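Student: let's see this in three dimensions:
(one chain, ligands or ions: 1)
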Amino acid sequence: MGFCQEIPIYLYDLLRYNKISHKYVQKYTVYFISILLIFSQRLDGSVDFNKNWVQYKEGFGYLSPTDTTEFWLGNEKIHLVSTQSTIPYVLRIELEDWSGHKSTADYSTFRLGSEKDNYRLTYAYFLGGDAGDAFDGFDFGDDPSDKFYTSHNGMQFSTYDKDNDRYDGNCAEQDGSGWWMNRCHAGHLNGKYYTEADSPTGYDNGIMWSTWRSRWYSMKKVSMKIIPLNRYGDGGQQFSKDAKVNFQRRGDY
Ligand SMILES: [Ca+2]
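Tutor: The predicted model follows:
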């Protein structure tokens with residue numbers, strides 16, 4: 001394996017285990033251009049996603065070698081990786097319901113703004129996917145402005161202790177999550193984990209994607225990943241396990 005291949009995989013492993021500092025990401029971002037990076041995963045409700053601004057900034061949980069744990073990589077890292085390369089990234093959202101049905105939603109030219117801009121979510125357009133375009137908002141039939149006020153493109157990130165939404169109250173506090181809240185959401189993957197499909201309270205604070213399942217339906221599994229556009233045709237496959245590098249021999253982190 002050549003050096004050029006080795007570096008990104010090494011950094012990728014560090015990112016997976018949240019051992020890498022923001023400054024390190026900044027210094028080596030040039031190497032990230034070929035990396036497919038999972039930045040969020042929900043599987044079983046074992047990690048509480050009702051976290052504050054700093055926790056969402058730094059990240060929480062961790063990604064195990066067998067991909068069986070829940071985590072949020074951290075807004076600062078997602079920002080750095082998504083903005084410091086000239087290659088555009090695709091955001092891929094993967095969903096699985098309680099019957100084992102799976103779907104995806106892809107967005108082109110995904111970027112996460114800086115902390116100064118409250119980690120604003122932007123993308124160019126919906127590329128496609130069976131899950132549908134919930135980030136464009138959804139007409140729930142409650143009000144003519146539903147779709148407008150539940151869209152997510154251009155929204156800043158909010159947490160219970162930092163309200164950047166368009167609602168009089170605080171969507172993140174009400175729904176127990178950190179997210180790119182509008183007033184409030186049509187797609188919401190950091191919500192409360194319910195162990196059954198439907199929220200027992202009839203409250204739309206679950207892990208929902210309204211263009212695929214109703215707002216009262218909470219998903220079993222979801223993940224969010226970024227794929228460099230030049231690897232998009234590969235089907236968004238992960239690095240193979242045998243391509244890993246033994247980074248523990250290296251002493252420079
Ligand atoms: Ca507000």
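Student: ok, Arg183 touching Thr150?
Tutor: Yes. Arg183 is within contact range of Thr150, at 7.1 Å (criterion: Cβ atoms under 8 Å). Any C-beta I mention is one placed from the backbone N, CA and C, and that applies to glycine too.
Student: so for those two, which sits in the more crowded spot?
Tutor: Thr150 (25 against 17; other Cβ atoms under 10 Å).
Student: any idea how far the more buried one lies from Arg231?
Tutor: Thr150 sits 31 Å away from Arg231, going by Cβ to Cβ, to the nearest Å.
Student: try Ser46
Tutor: 30 Å.
Student: check Ala186 too.
Tutor: On the measure of Cβ to Cβ, Ala186 and Arg231 end up 28 Å apart.
Student: more neighbours: which of the two?
Tutor: Ala186 (26 against 17).
Student: look up the closest residue to the residue nearest in space to the middle of the chain, ignoring the ones flanking it.
Tutor: For the chain, the residue nearest the mean C-alpha position is Met224 (4.0 Å; Cα atoms, centre = their mean). Leaving aside its sequence neighbours, Met224 sits nearest to Ser40 (Cβ to Cβ, 6 or more residues apart in numbering; 4.2 Å).
Student: list the contacts for the one you found?
Tutor: Neighbouring residues of Ser40 by Cβ atoms under 8 Å, 6 or more residues apart in numbering: 71-73, 189-190, 222-224.
Student: what strand or helix carries it?
Tutor: strand 37-42 (DSSP states H and E).
Student: any idea of the mean pLDDT for that strand?
Tutor: Mean per-residue pLDDT for strand 37-42: 88.
Student: so which bits of the very next helix or strand once past that strand are buried?
Tutor: The helix or strand immediately downstream of strand 37-42 is helix 53-58, counting by DSSP H and E. Buried positions in helix 53-58, judged by neighbour count with 16 or more other Cβ atoms under 10 Å: 53, 55-58.
Student: could you pull out the strands for the protein?
Tutor: 37-42, 60-61, 71-72, 89-96, 102-107, 111-112, 121-122, 126-128, 187-188, 208-209, 221-228 (DSSP state E).
Student: can you tell which of those is closest to the ion?
Tutor: strand 187-188 (15.7 Å; Cβ to the ion).
Student: tell me the strands beside that closest one, with direction?
Tutor: Strand 187-188 sits in its sheet next to strand 208-209 (antiparallel), going by DSSP bridges.
Student: dig out what Gly187 forms beta bridges with.
Tutor: Under the criterion used (DSSP bridges), Gly187 bridges to Trp209.
Student: and the helices in the stretch 151-253 of the chain?
Tutor: Taking DSSP state H, counting those that start in this stretch as the test, the helices found in the stretch 151-253 of the chain are 171-175.
Student: point out the residues in it that sit beside the ion.
Tutor: Residues of the stretch 151-253 of the chain that fall close to the ion, judged by Cβ under 5 Å from the ion: 163, 165, 167.
Student: most neighbours among the residues you listed, which one is it?
Tutor: Asp165 (24 neighbours).
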